[in-house]
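Chemist: My questions concern the predicted model and sequence given below.
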Amino acid sequence: MREERPALHCGFLLNPEVKNILLVRTDRIGDVILSLPMLPLLKRKFPGAAITLLVREYTRELVEHHSCVDEVLVYENEGSIGSLWSMLLTIRERKFDAAIIPYPRFRPTLILFLAGIRVRVGSGYRWYSFLYNRRIYEHRKDARRHEVEYNLSLLGAFGIDPASSPEFEFRIPPSSEAVVESLLARKGIGAGDKFAVLHPGSGGSARDWPAANFAKLGNRIAGELGLKIVVTGGKGEEALVSTTAGGLASPAASFGGVLSLDELAALLHRATVFVSNSTGPMHIAAVVGTPVVAFFPPIVQCSPVRWGPYTRKKRVFVADNAACPLCKGSPCRSNVCMEQIDVEKVYAATKELIDE
C-alpha cells in the first residue's frame, strides 16, 4: 500500500504571471458548497487571475454570484462524444494556466490533459492520476477530516497554506428573496413569523430518517415551540414531501421540487432552524447561517466528520447500528439503522439549538 503523504510541492510555486485558473466541480450541491473557501484563497494568491468554475447546470446558481468567480462553464451529457469534444474545445480556447479537480473523474481529467493546461492538480490515487502533474496523495474515504479541509489541501500545490481559516461567501439575489416572501405569504407565513424547515429527503446521497419521524418532530416543534412548519424537497421528492406534510397535525407550507437553489437559499436564510438528512441543502443552510439539525448513517464514508454541516450552530445525530435490530453492529444495510434515532432526543436538541 502506498504511504499517504501531503501534496508534492517539489519546490514548485506557480508562475506569478498566471492569468487563468479553472476549478472543476462536476458533482453535487454539497460538494460545490464545500469548495467555496478555495476561491478567496486563490484570488488572494493570484489577484490578477481570472477564476472559472466548471459545474453542472443545476449547481450553477451556487457559484455564479460569487465575487471571486469570473466565469461559469457548464459540463453536461458526459456520455456524448460530441459534447465532450465541444467541452474540450471550449476549455482549450480559454487557455487556462492551471486547473484543480477536487473530485477526480476520468473524462474531465482527460479533457484537462488534452486541453494542454500547464498545471493540473488532482488525486494521486486513481489509475489515471498520471494525467495530473501536481498530485495529492490523500485518501478521503476514511473520513479523517472535513471535506472543506481536503479541498483546501489541494491548494498546497500553489504555495497556499491549506491551514488557512475557511471563508464562505454566498450571495442570495434580492429577486429570489422576493419570490420566497411571496410564496410564504401565500402559505400564511408572514415576514415576522418564525418557522422550521423539515427536509426529509437526501437525493440518494445518504440514508434517510423516516418521514413519519420528521412529521412527529414537526408536531412537537409547532405545538410546543409555536413555530410554523415548512417542508422542502428536491425534484423527484414531491411524494416524500407530501407524505411528511400529511403527517402533520396542522397544515404546513410544502415546497417539493419547485424552488431554484437561489430560492431555497433565501428560504433557509429566513428559517429559524433547518432539520434534514445529510444532503446538499443542509450545507446551504449552514452557509447562510441557519442553525442545523442533521442525521447521518453509521457509514464511515458518510461520516459527519467529513460531511457534517460546517457551522457551530448545529446538532448532529449518527445512527447506532449496534442498536439496530437488523444490523446488530454489523455494517449498515438499510434505513432501519436510521429509525433508531429517537424523536424525543431530536426534539430536545432542536429546542436547545433554537434557545441558543
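Modeler: Received, thanks. Numbers count the residues shown, from 1 in each chain.
Chemist: Can you point out the buried residues in the worst-scoring helix or strand of the chain on mean pLDDT?
Modeler: Taking mean pLDDT, DSSP states H and E as the measure, the helix or strand of the chain with the lowest value is helix 81-94, at a mean of 89. Using 16 or more other CB atoms under 10 Å as the burial criterion, the residues of helix 81-94 that qualify are 84, 87-88, 91. C-betas here are computed from N, CA, C, even on glycine.
Chemist: now stretch 278-295
Modeler: Along stretch 278-295, the positions that meet the burial threshold by neighbour count (16+ other CB under 10 Å) are 278-288, 290-295.
Chemist: May I have it as PDB, with CA atoms only?
Modeler: Extracted in PDB, the C-alpha atoms of stretch 278-295 (Å, rounded to 0.1, in the frame of the first residue of the first chain):
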ATOM      1  CA  SER A 278     -27.100  14.500   5.100                       C
ATOM      2  CA  THR A 279     -27.800  16.400   1.800                       C
ATOM      3  CA  GLY A 280     -26.800  19.400  -0.200                       C
ATOM      4  CA  PRO A 281     -29.500  21.800   1.200                       C
ATOM      5  CA  MET A 282     -28.000  21.100   4.700                       C
ATOM      6  CA  HIS A 283     -24.800  22.700   3.500                       C
ATOM      7  CA  ILE A 284     -26.700  25.600   2.100                       C
ATOM      8  CA  ALA A 285     -28.400  26.200   5.400                       C
ATOM      9  CA  ALA A 286     -25.100  26.100   7.200                       C
ATOM     10  CA  VAL A 287     -23.500  28.600   4.800                       C
ATOM     11  CA  VAL A 288     -26.400  31.100   5.100                       C
ATOM     12  CA  GLY A 289     -26.200  31.000   8.900                       C
ATOM     13  CA  THR A 290     -29.200  28.900   9.800                       C
ATOM     14  CA  PRO A 291     -29.000  26.500  12.800                       C
ATOM     15  CA  VAL A 292     -28.900  22.900  11.500                       C
ATOM     16  CA  VAL A 293     -30.100  19.600  12.900                       C
ATOM     17  CA  ALA A 294     -28.800  16.700  10.800                       C
ATOM     18  CA  PHE A 295     -29.000  12.900  10.600                       C
END
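Chemist: Tell me which other helices or strands the least confident helix or strand of the chain touches.
Modeler: Other elements packing on helix 81-94 under the criterion 3 or more CB pairs under 8 Å, 6 or more residues apart in numbering; DSSP states H and E are strand 20-25, strand 71-74, helix 106-114.
Chemist: can I get those in CSV with mean pLDDT?
Modeler: Below are those laid out as CSV (pLDDT from 0 to 100):
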stretch, mean pLDDT
strand 20-25, 97
strand 71-74, 97
helix 106-114, 95
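Chemist: Deepest in the core, which of the ones you listed is it.
Modeler: Greatest average neighbour count among the helices and strands packed on helix 81-94 goes to strand 20-25 (a mean of 24), per mean count of other CB atoms under 10 Å.
Chemist: so how far is that strand off the chain centroid?
Modeler: Relative to its chain's centre, strand 20-25 lies at 18 Å (CA atoms, centre = their mean, to the nearest Å).
Chemist: Repeat that for stretch 191-211.
Modeler: The answer for stretch 191-211 is 15 Å, by CA atoms, centre = their mean.
Chemist: buried sites along that stretch?
Modeler: Neighbour counts using 16+ other CB under 10 Å place 195-203, 205-211 of stretch 191-211 among the buried residues.
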